[in-house]
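Trainee: curious how this folds, go ahead:
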Amino acid sequence: MKKFFVLGLVAVTLAVGLCSCRIGCKTRAWKGGKEISADGGTVVWRPTSDVNVQVVPSIIMVYCAFYDTGNNCVGATQLDVESQKIKGEGYEKIVGDGYEVLTSTNVVFVTLSANDTSFKREIVAMFGDGSYELGPHIVVSQSPKSWN
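Mentor: Here you go, the predicted model:
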């Protein structure tokens with residue numbers, strides 16, 4: 001039941017984002033790491049085109065979900081981005097329990113601490129991307145040490 005709630009939340013968020021685009025809305029493709037080792041680490045995402053554009057993506061939504069070995073969602077938390085966003089000169093940052101999402105010029109960093117739980121952790125983040133109304137939608141996962 002919780003898995004359907006999380007999937008529904010993601011679907012609604014994406015639908016609202018896509019439907020809010022005016023006719024001719026552009027999206028910028030981003031690519032980067034999708035998995036972080038159980039010991040923790042950082043993945044980097046960058047735009048795949050228009051690299052001469054200097055844009056700091058604005059964090060719109062971040063949530064963290066946990067999955068058991070059967071890939072069933074056992075819990076999820078969504079941060080109140082507007083009240084928890086840390087803004088600085090040329091960057092934005094969100095810090096959650098065991099993770100950090102940082103944006104800077106043409107880059108998004110997702111950092112996860114070591115996963116000592118018995119659940120797979122998944123971070124989903126969505127960004128506004130300058131004049132592009134729908135920026136990157138990033139999903140990064142991390143299996144626990146006990147699954148190795």
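Trainee: what's the mean pLDDT across stretch 70-78?
Mentor: Stretch 70-78 comes out with an average pLDDT of 94.
Trainee: tell me which stretches of this structure form strands.
Mentor: In the chain, the strands defined using DSSP state E lie at 30-32, 41-47, 58-67, 73-78, 86-88, 91-96, 99-104, 107-112, 120-128, 137-142.
Trainee: can you lay out those as a markdown table showing distance to residue 148 and mean neighbour count?
Mentor: (C-beta placed from N, C-alpha, C; glycine too.) Listed next are the strands of the chain as a markdown table, based on distance: least, Cβ to Cβ, whole Å; neighbours: other Cβ atoms under 10 Å:
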| stretch | distance to residue 148 | mean neighbour count |
| --- | --- | --- |
| strand 30-32 | 23 | 16 |
| strand 41-47 | 14 | 16 |
| strand 58-67 | 16 | 20 |
| strand 73-78 | 20 | 15 |
| strand 86-88 | 33 | 11 |
| strand 91-96 | 24 | 17 |
| strand 99-104 | 20 | 20 |
| strand 107-112 | 15 | 21 |
| strand 120-128 | 12 | 21 |
| strand 137-142 | 12 | 20 |
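Trainee: out of those strands, which gets the lowest mean score?
Mentor: When the strands of the chain are compared by mean pLDDT, strand 30-32 comes last with a mean of 87.
Trainee: bridged to the spatially most central residue of the chain, which residues?
Mentor: Nearest residue to the geometric centre of the chain (Cα atoms, centre = their mean): residue 125, 2.2 Å. Beta-bridge pairing for residue 125 (DSSP bridges): residue 62, residue 138.
Trainee: and it, what does it touch?
Mentor: Shown in contact with residue 125 (Cβ atoms under 8 Å, 6 or more residues apart in numbering): 59, 61, 62, 94, 101, 108, 110, 136, 137, 138.
Trainee: excluding chain neighbours, what is closest to the second one?
Mentor: Once flanking residues are discounted, residue 61 sits nearest to residue 126: 4.4 Å by Cβ to Cβ, 6 or more residues apart in numbering.
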